[in-house]
Structure formats: C-alpha cells, structure tokens
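Q: Pasting the sequence and the predicted coordinates here, then a few questions.
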Amino acid sequence: MKKLLIAISALLIGGTSQAQTVTGSGTLNYLPKFTTTGSTIGNSLFFDNGTNTGIGTAAPVTKLNVVTNATNDGVRINNTGTAAATLGLFSSTGRSWALFSTGTANGTAGNFLIYDYSGGGTRMMIEGSTGEVGIGTSTPVAPLEVHAAFGTSSMAITSASGATSALYMGANSSHTTGGIAYVNNGTHRMDFTTNSAVRASIDNAGNMGIGTNAPGNRLHVSTNVANDGIRIQQTNLGASTLGLFSSGASGRDWSLYSTGVGNGWGAGNFLLYDNTSGNVRFFIQGSTGKVLIGDPGTINLNTTNTYKLYVDDGILTEKVRVAIASTAYWADYVFADDYKLPSLGEVEQFVKQNKHLPEVPSAEDVVCSGIDMAQMDATLLKKIEELTLYMIDQNKKIEAQQQEIEQLKKQVSEK
C-alpha cells in the first residue's frame, strides 16, 4: 500500500516519473532519518517520548536533554554573520537572561557576557583577548574586577556557621602562599597570611595585631626579630612623625619627630614635641648624643663642652649619686706624708688678692661655666681636709704652749 501511494504521488507530480522504493524500520519514539541516500530509514539521535526530547539519550529528563561522551561535544550555536551567537533564557515571572559570544557587529568581537534582558545591562563579561573578567562592568581593567553599582559591598565570601571563609592568593595552585581568611570559630577575626603564616589579624573588637592573631590593643606589634618593630620613614626633606592625640578637652597632644633637613631643629635629631603649647619638651642631638630636657631654642647645645645631659629650669630629686672614674679624683691625697700643705700666710695672701680660696672657682666662673658636682665636692673636701690639718697643727702648738704655761706656773709657785 505504501509503495502504491508513493507511485501515485510520483505520477501526480512528475507525470512519467517512476516510484522510488523506501525500506527500513525504526524504534518507537525515535525520530526517523535516512540511513542511506534516500532509500533506507532508521533511528536518528533524537528521542521524543511525548514530553521530553533527548539527543543521544532514550531517557530525557528535561524538554531537551543532550548526552554525549565525546570530548568537547555538546550544543553549539554558530552565528555565520557578524552578530553575536546568543542563547536566551526567559522565565515566565522572573528575570530573562542571555549568553552572548560577541561578534564584530557588537563593537568588540570575541567576548563572552551574561546579559540581563530584564534590567537591560551586562552583569558579567570575559574579555576574550586578555581573559579579564568583569562582574558588574563590561570594561574590566584587571584579571578580576568587581564593580558595585549599588549597595556597599563589591564581593562577599561566606561560609557555613563555624567554618572559615578565605580568599587565597599565590603564585601556584597550593593555596598556601597567601590569603585573607575570616575565622568563624568563635573568635570572629580576619587573618592576613603570607608564606603560609598569619602576618596580621583584626579581632572582633577592632584590635589589629601584626605578628600576632591575638592583639591586646588597638595596634599590637609582636616580633622575635632583633631591631624589629615599627618603622616610619619620611622620603622627602621633612621629619618622620608619630602623633599621639588625646580626646579630652583638657588633655595635651604630642608628637615624636625624627628631624630632616627641612626642619628648623636640624637633621638627624629626635624630639618630643608638645603640639598643645607648641614647645619642644625633650631633645636628643643626633650628631653628639647630647640630651636636653627642655627646648633647644632656650639652651644652646652647640658648645665645646662634653656634657651629655642638659636640663632647662633645674632638677628636683630626692637623691643624686655621682660616680668618679678613680681614687685620683678624690682628695684623700691631702693626708699623704709628702703632701705640701700651703701655709696660712700663703692662703691669706691669695684670698686678699683673689677674693676666693685657692682652687675654688670664683663667682664669675660659676656663673659663666657652672660647676662640676663631683669635681666641686672633691675640691671642697680638699679644703676641709687642709683645714683639718691646720687645726691639728694649731692644736699641737696650743698643747705645747699649755705645757709651757703649766711649768711657768709651777716655777712661780715654788718661789
């Protein structure tokens, strides 16, 4: 019957055409196809069960289900013109999207993007020539650029409760070179890692630790490296500065300075500056090591003396202990047998001429140069020791005179 219908059709169409014989068989629900040129019908790769369609599978689970075991095989949409190859995804009540492989008619060919038909904008783009990825932007300027057109967050990395969220960065795929991690184990802190070690950490109270993940202050620096810590370096002519500012209205604000050539205090010096009053309170001269408690504008440190500590307005203390280099600086040598004690006549003559004791500085000298406490104490001790020797000598003379008086008294009484 089938052959007859084909023959009749051929006669109706071509008049004298001869009917073609078609043979073959098929499987239920497979779309047929010619397996040889126009004569044999068999199964195609399409399977239609009335609900779902499968390509390469007889058990499709969606409207179109493609199954393949060939490398780089699947579904291909190829635009032979200059426009983009497009795959659209349209929902009935939500948003509608499209995947684009752009062509020259789109401005720049070879890019991939996810386009929001509902919102009318590109949500994600991969730049074909560079591989740069843009989220929220169609002009990425880095391997990954996240642009937030609204809200306060550009990127969020989250984890389940009790787990650690992390962003790893490294030169290889080990994921241990460096990264940023939010530790969600009860401490709720942010760790910054390099070379597989935590270098800095911010805890849930806002304290930041460098070299420790348990900071005890707003900034806590921990190190076991010699001469390590915090470094502030000024690259121009100004001073490097660390400011300490109090919040109370009655408090004072301070700064630590390492001075540069652009400062009026001279380069290479250290000072503690009172920002509230505008005065220097503590000063170390870098070239000499001289220390001043006070303002270098008040006391001149550039003198020829070798003193190391200068104090403006004086010192008030309960105790002062002064060391001497050796016993030669003390005055006990006055009691040596070979010490030449000046006569009182010589002392009297010197005092009349100079109006001060020998070896004791004059009032003018003290005003001009001050006194060396250790040297002055030794000089005063020397004068006390000399005075003691004078008193001993005078006492001997008085005792001898007393003996002579007693003898004279005795002689007079005997007569």
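A: Received, thanks.
Q: From Ser196, how far out is the closest residue to Ile202 other than its chain neighbours?
A: If the residues on either side of it in the chain are set aside, Ile202 comes closest to Met190, at 4.6 Å by C-beta to C-beta, 6 or more residues apart in numbering. (Each C-beta comes from the backbone N, C-alpha and C, glycine too.) For Met190, the distance to Ser196 equals 17 Å [C-beta to C-beta, to the nearest Å].
Q: Look at those two and report which has more neighbours.
A: Each of Met190 and Ser196 has its neighbours counted (other C-beta atoms under 10 Å); Met190 has more, 16 against 12.
Q: ok, that one - contacts?
A: 180-183, 201-202 (C-beta atoms under 8 Å, 6 or more residues apart in numbering).
Q: thinking again about what came up before, dump the C-alpha coordinates for the strand or helix carrying the residue nearest to Ile202 into CSV.
A: Following DSSP states H and E, one finds Met190 within strand 189-194. What follows is strand 189-194, C-alpha atoms only, in CSV (Å, rounded to 0.1, in the frame of the first residue of the first chain):
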residue,chain,number,x,y,z
ARG,A,189,38.6,37.6,63.4
MET,A,190,40.2,38.4,60.0
ASP,A,191,43.6,36.9,59.3
PHE,A,192,46.1,38.0,56.6
THR,A,193,48.5,35.3,55.6
THR,A,194,51.8,35.2,53.5
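Q: State the mean pLDDT of the top helix by length along the chain.
A: In the chain, taking DSSP state H as the definition, the longest helix is helix 373-414. Here helix 373-414 scores 91 as its mean pLDDT.
Q: for the record, mean pLDDT for the strand holding Met190?
A: The average pLDDT within strand 189-194 is 90.
Q: so how far is the first residue of stretch 106-126 from its last?
A: 14 Å (C-alpha to C-alpha, to the nearest Å).
Q: Tell me which residues are up against it.
A: Contacts to stretch 106-126, defined as C-beta under 8 Å, 6+ apart, come from residues 82-84, 88, 90, 94-103, 127-129, 132-138, 140.
Q: returning to what we had before: which among the contacts of Met190 gets closest to Arg76?
A: Set against Arg76, the nearest of the contacts of Met190 by C-beta to C-beta is Ile180 (39.7 Å).
Q: ok, and the closest non-adjacent residue to that closest one?
A: In space, Ile180 is closest to Leu167, 4.8 Å off (C-beta to C-beta, 6+ apart).
Q: Verify the stated contact: that neighbour with Ile157.
A: Yes. Leu167 lies in contact with Ile157 (C-beta atoms under 8 Å); the separation is 5.7 Å.
Q: So what are the structural domains in the chain, by residue number?
A: The chain resolves into domains spanning 2-65, 83-147, 176-222, 240-311, 336-412 when parsed by automatic domain parsing.
Q: What's the mean pLDDT across the first one?
A: Throughout domain 2-65, pLDDT has a mean value of 77.
Q: State the three-state secondary structure for Leu99.
A: Assigned by DSSP: H, G, I helix; E, B strand; the rest coil, the conformation of Leu99 is strand.
Q: re the thing from before, name the next helix or strand downstream of the strand holding Met190, please.
A: Next along the chain after strand 189-194, taking DSSP H and E as the criterion, comes strand 197-202.
Q: Direction included, what does that next one pair up with?
A: strand 189-194 (antiparallel), strand 208-210 (antiparallel) (DSSP bridges).
Q: Need the ones you listed in a markdown table (columns: distance to Pro32).
A: Formatted as a markdown table, these follow (distance: least, C-beta to C-beta, whole Å):
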| stretch | distance to Pro32 |
| --- | --- |
| strand 189-194 | 63 |
| strand 208-210 | 73 |
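Q: pretty sure Ile41 contacts Gly24?
A: Yes. Between Ile41 and Gly24 there is a contact at 3.8 Å, judged by C-beta under 8 Å.
Q: who touches both of these two?
A: Taking C-beta under 8 Å, 6+ apart as the criterion, Ile41 and Gly24 both touch 32, 35.
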